[in-house]
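Novice: test case, fold it:
(2 chains)
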Amino acid sequence: MKTLRFTMMVAITLAALAAQAQDVAALLRATDKYRMNAENLQVETQINVHNADGTPDKERRYTVFAQAKRQSLVLMKSPAEAGQKVLMLGDDFWLLMPNSQRPLRITPMQKLLGDASTGDVATMSWAEDYSGKLVGEEACDETGAAAKQTCLHLSLNATRKGVTYQRIELWIGKVRHEPMRADLYVLSDKLAKQARFVMDKPAAPTMVTEMVLSDQVSNHKTTHVRYLSRKERQVPPEWLNPMFLVRNPPLD
Amino acid sequence: MNRIILGAMALLPVAAALAQTPVGTAQLGGQVRLQWVGQSASSNGPLAQADVLQSGLVDLPVGTAALETELRASGHGLTGVVTLQQQRVERGATENRAFVNELYAAHDGGAWQFSAGKKIVSWDVGYGFRPNDVVQQDERLSLIDSTSEGRPLLMAEHFNADTAWSWVWVNPSAARETTGGGEPALAARVYQRDGAVDWHGFARVGAHSGASVGAALAWVASEALELHGSARYQQRVDTLAVQPGASGVLPSDPWQGHTETGVKQLLLGGTWTNQDQISLLAEAWWDGTALSDAQWDAWAVRNGQLGALATLGVPAAAVAGNLAWQAQAFNVSPNLRRSNAFLRLSWQHEGWQPALSLLYTPADQGRVWTASLTWQGDRMQVQSGLRAYGGPDSAVLMQLPARSMAYVASTWTF
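Specialist: Numbers count the residues shown, from 1 in each chain, chains lettered A, B, ... in the order given. I've put the predicted structure just below:
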């Protein structure tokens, strides 16, 4: 009898855990739709970096082809980086420099370069990269108007090795599941950045228009990642081949 | 120097206007680079000895200042890159030069791509040495980054999501007897992506040097570690060697064309990068095209013999000329010694990249230290650094004409 009771308790616990994991996956899929509303997208992105004292530091423009199966191609458009490209195919990354005919195979650590890493620009979804648990209902923020709203707090851990952040504490709207804010932790479990998400219509949000990243480690700079436009676009398969990209073909 | 600055000032508005000029779907751009390289001559080596015996016979290293304007245009299937260079040699005249880096037509057939013209085609995976860079054969470990000069070629490529095939006919109009980078040759490469590993296969058939095959891989082994390797086997290599039996002062250059057979090249390396963007690159390579230890020993003996002859009443000009010929040994191969090790430590932070590198030749304990600092702004890049040669006096690196170098280059991109 004792064995049966123990077995049932284990089964119930496992079932509850599985249900919660399923819930979290469904919540993440719902949250992802606010940034990536189609399987294959072309996203024009602008980044503005501000120093700790609020003065502007730099501006960058990117074209991001965010494709299904965790494939992204980032084209750097600003003069300082013009012609540079970063290709991400699942957990594999290449850097392509305009004056080099050779794609550089880069490690996930090298992908972290910059105030807003290429991972921040190219990653438009969490559901395929993270799993976790629902911590509970909490105020969306400690101060401001968001303090009066109720959020679901998700604690997420990376399920793949190539992601920029190993752990994410994410707060999403309780009703519509739109992303509100996130604490982003790197592999050493150090809090690297805090993200806040700006929605198009706060009362009835349909998409994220801006992500504001605050550096918590080194320079305490603030990076505004603005999604200027999104359009559905599937790129030809050869565009996702690093050897094709070194030819510097027209990709617009 | 004043003329260089004036030249730069005259070109800047033209360059800026070009960058802002929309011409249909054409893309225009480029960069202007002002650079200075200072060199101190070595008191060691055959050229230094030749200069002591006969001043002015050989060109010793001197400082140079240069202004380079690189203009790029592409559109309607055509791509062109030209460089205008004005160089002032220390205590010398100003030289003007213009050359075409690339000028080619390309046809986009979707998965099939075709190119014809002068084009840069650079292959292989290494940093300090690329044995399978069989088309371009770029100089490695140069002080200042600059755009290479492409080679005439016809090229066909086929791509799908994971595989790429390239077929190249390089220097198609060159004479069959041409050697080195100008040799007419057929080359092919296949690339295969396999998860964390990039595989490359290479083949080349030169009109004069025959067949060679090679393979390379780049593997991201962990979050922080990338490993790479490259190997090549060549049926024959066109090189230089001293005529057998050459001894004493000779009336003609004893360095003659020579063919080595069954030559091997191998490179192994890796890059480790941590969370703070500190990177360590380590590479070791074997280059069978370089002179052997025995050849370098014989070279050193001959240098010593020639130096001794000068004290025995042999005409200084004849000895100096023979010593100058000895310097051709430095150009036999991209590497002086067959075994080489290379380390580079760098840090990327807020647009700044300080780096320190060491090239080491174990056979004679020669060393090349390079310390550099690069700053990258929105449109400006400034590179600066110092390079110094070290090791025992007998090391080949210590016999080179220069003992140390300093450089500064400022590049404006438009």
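
Novice: with adjacent residues omitted, what lies nearest to whichever residue of the stretch 1-150 of chain A sits closest to chain B?
Specialist: Using C-beta to the nearest C-beta, the closest approach of the stretch 1-150 of chain A to chain B is made by A:Gln101 at 3.6 Å. Just so you know, the C-beta spots here come from the backbone N, C-alpha and C atoms, and that holds for glycine as well. Excluding the flanking residues, the one nearest A:Gln101 by C-beta to C-beta, 6 or more residues apart in numbering or on different chains is B:Ser122, at 3.6 Å.

Novice: circling back: hang on, isn't the residue of the stretch 1-150 of chain A closest to chain B packed against A:Val246?
Specialist: Yes: between A:Gln101 and A:Val246 there is a contact at 5.2 Å, judged by C-beta atoms under 8 Å.

Novice: would you map the strands across chain A?
Specialist: Remark: strands assigned in chain A by DSSP state E are A:41-50, A:56-67, A:71-76, A:85-89, A:92-96, A:104-106, A:130-139, A:150-158, A:167-173, A:179-185, A:191-199, A:208-215, A:222-232.

Novice: interface residues of chain A facing chain B?
Specialist: Contact residues (C-beta under 8 Å from any C-beta of the partner chain) of chain A with chain B: A:58, A:78-80, A:82, A:89, A:91-93, A:99-103, A:105-110, A:112-113, A:161, A:186-188, A:219, A:236-238, A:240-244, A:247-249.

Novice: give me the subset of these lying in helices.
Specialist: Per DSSP state H, helices hold the following members of the residues of chain A next to chain B: A:Pro242, A:Met243, A:Phe244.

Novice: number of nearby residues for the first one?
Specialist: By other C-beta atoms under 10 Å in any protein chain shown, 23 other residues sit near A:Pro242.

Novice: same check on the last one?
Specialist: Burial of A:Phe244 is recorded as 24 neighbouring residues (other C-beta under 10 Å).

Novice: so which residue is dead centre in chain B?
Specialist: For chain B, the residue nearest the mean C-alpha position is B:Glu139 (0.9 Å; C-alpha atoms, centre = their mean).

Novice: go ahead and confirm B:Gln87 touches B:Arg97.
Specialist: Yes: when contacts are counted by C-beta under 8 Å, B:Gln87 is listed as touching B:Arg97 (7.1 Å).

Novice: so the two - more neighbours on which side?
Specialist: For the pair B:Gln87 and B:Arg97, the greater number of neighbours falls to B:Gln87 (17 against 11), based on other C-beta under 10 Å.

Novice: and B:Ala93, what does it touch?
Specialist: By C-beta atoms under 8 Å, 6 or more residues apart in numbering or on different chains, no residues touch B:Ala93.

Novice: what's the pLDDT at it?
Specialist: pLDDT, B:Ala93: 85.

Novice: coming back round to it: okay, the ones in helices among the residues of chain A next to chain B in JSON lines with pLDDT and distance to B:Trp369 next?
Specialist: As requested, those are exported to JSON lines (pLDDT from 0 to 100; distance: C-beta to C-beta, whole Å):
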{"residue": "A:Pro242", "pLDDT": "94", "distance to B:Trp369": "33"}
{"residue": "A:Met243", "pLDDT": "93", "distance to B:Trp369": "35"}
{"residue": "A:Phe244", "pLDDT": "93", "distance to B:Trp369": "39"}
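
Novice: tell me which of the residues you listed is nearest to B:Ile278?
Specialist: Closest approach between those and B:Ile278, by C-beta to C-beta: A:Pro242, at 25.3 Å.

Novice: gap between B:Glu102 and chain A?
Specialist: Going from B:Glu102 to chain A by C-beta to the nearest C-beta, to the nearest Å gives 10 Å.

Novice: SS state for that residue?
Specialist: Assigned with DSSP: H, G, I helix; E, B strand; the rest coil, B:Glu102 falls in the strand class.

Novice: just the one 5 residues further on next, same as before
Specialist: Three-state assignment for B:His107 (three-state DSSP): strand.

Novice: how about it, what does it touch?
Specialist: B:Gly77, B:Gln113, B:Phe114, B:Ser115.

Novice: doesn't the residue nearest to the centre of chain B lie inside a helix?
Specialist: No: looking at B:Glu139 with three-state DSSP, it is coil, so not inside a helix.

Novice: distance check, it against B:Ser148.
Specialist: 8 Å (C-beta to C-beta, to the nearest Å).

Novice: picking up where we left off before, and the two most separated of the contacts of B:His107?
Specialist: Top of the distance list for those (C-beta to C-beta): B:Gly77 and B:Gln113, 11.0 Å.

Novice: common neighbours of those two, please.
Specialist: Common contact partners of B:Gly77 and B:Gln113 (C-beta under 8 Å, 6+ apart): B:Ala106, B:His107.

Novice: now secondary structure and distance to chain A too, for the contacts of B:His107, in a markdown table please.
Specialist: Output for those, formatted as a markdown table (DSSP: H, G, I helix; E, B strand; the rest coil; distance: C-beta to the nearest C-beta, whole Å):
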| residue | secondary structure | distance to chain A |
| --- | --- | --- |
| B:Gly77 | coil | 10 |
| B:Gln113 | strand | 7 |
| B:Phe114 | strand | 11 |
| B:Ser115 | strand | 8 |
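
Novice: of these, closest to B:Pro334?
Specialist: Taking C-beta to C-beta as the measure, B:Pro334 sits nearest to B:Ser115 out of these, at 25.6 Å.

Novice: and the closest one, bridged to which residues?
Specialist: B:Ser115 has these beta-bridge partners by DSSP bridges: B:Ala106, B:Met155.

Novice: run a quick neighbour tally on it.
Specialist: Residues near B:Ser115, counting by other C-beta under 10 Å, number 21.

Novice: who's in contact with it?
Specialist: By C-beta under 8 Å, 6+ apart, the contact set of B:Ser115 is B:Tyr104, B:Ala105, B:Ala106, B:His107, B:Leu153, B:Leu154, B:Met155, B:Glu157.

Novice: state the distance from it to A:Pro242.
Specialist: From B:Ser115 across to A:Pro242, the span is 18 Å (C-beta to C-beta).

Novice: swap in B:Val197?
Specialist: 13 Å.

Novice: name the nearest residue to residue 139, ignoring sequence neighbours.
Specialist: No chain specified, so I'll use chain A. Once flanking residues are discounted, A:Ala139 sits nearest to A:Ala147: 5.1 Å by C-beta to C-beta, 6+ apart.

Novice: try again with chain B
Specialist: Leaving out its chain neighbours, the residue that sits closest to B:Glu139 by C-beta to C-beta, 6+ apart is B:Pro334, at 7.2 Å.

Novice: close enough to count as contact, that neighbour and B:Asp287?
Specialist: Yes: counting by C-beta under 8 Å, B:Asp287 is a contact partner of B:Pro334 at 7.0 Å.

Novice: which residues are common contacts for these two?
Specialist: B:Phe129.

Novice: check what pLDDT residue 16 gets.
Specialist: Defaulting to chain A. The per-residue pLDDT reported for A:Ala16 equals 50.

Novice: um, chain B though
Specialist: 47.

Novice: also A:Leu112?
Specialist: 62.

Novice: so B:Leu309, which of the three states?
Specialist: helix.

Novice: residue contacts, it?
Specialist: B:Gly248, B:Val249, B:Val319.

Novice: hmm, back to that, can you add pLDDT and give the contacts of B:Ser115 back as JSON lines?
Specialist: JSON lines is the format used below for the contacts of B:Ser115 (pLDDT from 0 to 100):
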{"residue": "B:Tyr104", "pLDDT": "96"}
{"residue": "B:Ala105", "pLDDT": "96"}
{"residue": "B:Ala106", "pLDDT": "94"}
{"residue": "B:His107", "pLDDT": "93"}
{"residue": "B:Leu153", "pLDDT": "97"}
{"residue": "B:Leu154", "pLDDT": "98"}
{"residue": "B:Met155", "pLDDT": "97"}
{"residue": "B:Glu157", "pLDDT": "97"}
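
Novice: list the buried residues for stretch B:248-262?
Specialist: B:Asp253, B:Pro254, B:Trp255, B:Glu260 (16 or more other C-beta atoms under 10 Å in any protein chain shown).

Novice: kind regards, and thank you for your time.
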